[in-house]
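> Make a model of this:
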Amino acid sequence: MKYNFKGSLRIVFISLLVLLCGILVKFIFEEEDVSYHNKEVYTTINNDKTSKTTNQDLEISSKETNITYDKVAYITIDDGPSKFTKQILDILDRNNVKATFFMINKNMNIYKNEVKRIQQDGHGAGFHSVSHDVKRLYKTPQATLEEFSICRDTYYKITGETSNLVRIPYGSKPYTPEESYKILIENNFLVWDWNLDTEDWKATTDNIVSNVLLNGRNKDELVLLIHEKEQTVEALDGIIKVLKERGYQILPITEDIEAMNFWSKNL
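Purely as a prediction, here's the structure:
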């Protein structure tokens, strides 16, 4: 029987060609998969236009492993308590994180049970004025002090605890007169501002998470500002997920932490 050398060579050549093609196809698809998952897609609010965050945003973060918490984030929540506070507290509890609530006096009196739960669950508690009106709040330095003192007294009557944490409406600059700021400091109030404004009050749920994705990076201490809004409640799980997977340990603000504000320039 005569051996067909050329035929055998042709079979070997074709087999090698098929094998190489298979390896090449596998390599191409793996490369596409890697680039897909490593590409962060950001959408932000621009000129009040809304845009949509794709699922890639959170999928990318979920690819991270071996998370180490080498940074700190403080989630601060203004304008409550409100009808959304219970939902917010449930979400925080489910994610095993603590936030800090800066509360308006009238709302504390309306939602006393929510105030009690904030304190009992170990969240930070602070005050956001009586009037939330810069004309009334800054009429005199004494008027400024009186509003936050009233808030502190209300909180004590509801919980039996006290607090000196303060979030001035619209931030401690540019509206707060120096004398109003000084009188708060002289009376042991601790003024907190923020270094990440989610702009949640005018944003969609997707935009809120996108703002955290875009701006929640490269800071060892992150003070995140959100409000008690429906869209913020819907975004809260996503916010927490992003912060954790970027190495942030989420903690409540306590009085032994140096206050971070625009006057001190330590944000």
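> Rounded mean pLDDT for stretch 133-146, please.
For stretch 133-146, the mean per-residue pLDDT is 98.
> Ok, stretch 86-94 next?
Average pLDDT, stretch 86-94: 99.
> Show me which positions of that stretch end up buried.
Ile88, Leu89, Ile91, Leu92 (16 or more other CB atoms under 10 Å). Where C-beta positions appear, they are placed from N, C-alpha and C, glycine not excepted.
> what do you get for stretch 248-262?
Buried residues in stretch 248-262 (16+ other CB under 10 Å): Tyr248, Ile250, Leu251, Pro252, Ile253, Ile257, Ala259, Met260, Asn261, Phe262.
> cool, and stretch 191-203?
For stretch 191-203, by 16+ other CB under 10 Å, it's Val191, Trp192, Asp193, Trp194, Asn195, Leu196, Thr198, Asp200, Trp201, Ala203.
> May I ask which helix or strand of the chain has the lowest mean pLDDT?
Using mean pLDDT, DSSP states H and E, helix 56-62 stands out as the lowest-scoring helix or strand of the chain, at a mean of 45.
> which stretch of helix or strand covers Lys241?
helix 230-245 (DSSP states H and E).
> now the buried residues of stretch 248-262 as JSON lines including secondary structure?
Formatted as JSON lines, the buried residues of stretch 248-262 follow (DSSP: H, G, I helix; E, B strand; the rest coil):
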{"residue": "Tyr248", "secondary structure": "strand"}
{"residue": "Ile250", "secondary structure": "strand"}
{"residue": "Leu251", "secondary structure": "coil"}
{"residue": "Pro252", "secondary structure": "coil"}
{"residue": "Ile253", "secondary structure": "coil"}
{"residue": "Ile257", "secondary structure": "coil"}
{"residue": "Ala259", "secondary structure": "coil"}
{"residue": "Met260", "secondary structure": "coil"}
{"residue": "Asn261", "secondary structure": "coil"}
{"residue": "Phe262", "secondary structure": "coil"}
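> out of these, what pair is the most spread apart?
Farthest apart among the buried residues of stretch 248-262 by CB to CB are Ile250 and Phe262. That separation is 22.7 Å.
> if we can go back for a sec, which of the buried residues of stretch 191-203 fall within strands?
Counting by DSSP state E, the buried residues of stretch 191-203 place Val191, Leu196 in strands.
> Pipe the buried residues of stretch 191-203 into TSV and attach distance to Asn96 per row.
Output for the buried residues of stretch 191-203, formatted as TSV (distance: CB to CB, whole Å):
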residue	distance to Asn96
Val191	29
Trp192	23
Asp193	27
Trp194	23
Asn195	24
Leu196	21
Thr198	21
Asp200	22
Trp201	27
Ala203	26
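> burial measure for Phe148, as a count.
For Phe148, the neighbour count with other CB atoms under 10 Å is 26.
> err, Leu243, not the other one
For Leu243, the count of nearby residues is 25 (other CB under 10 Å).
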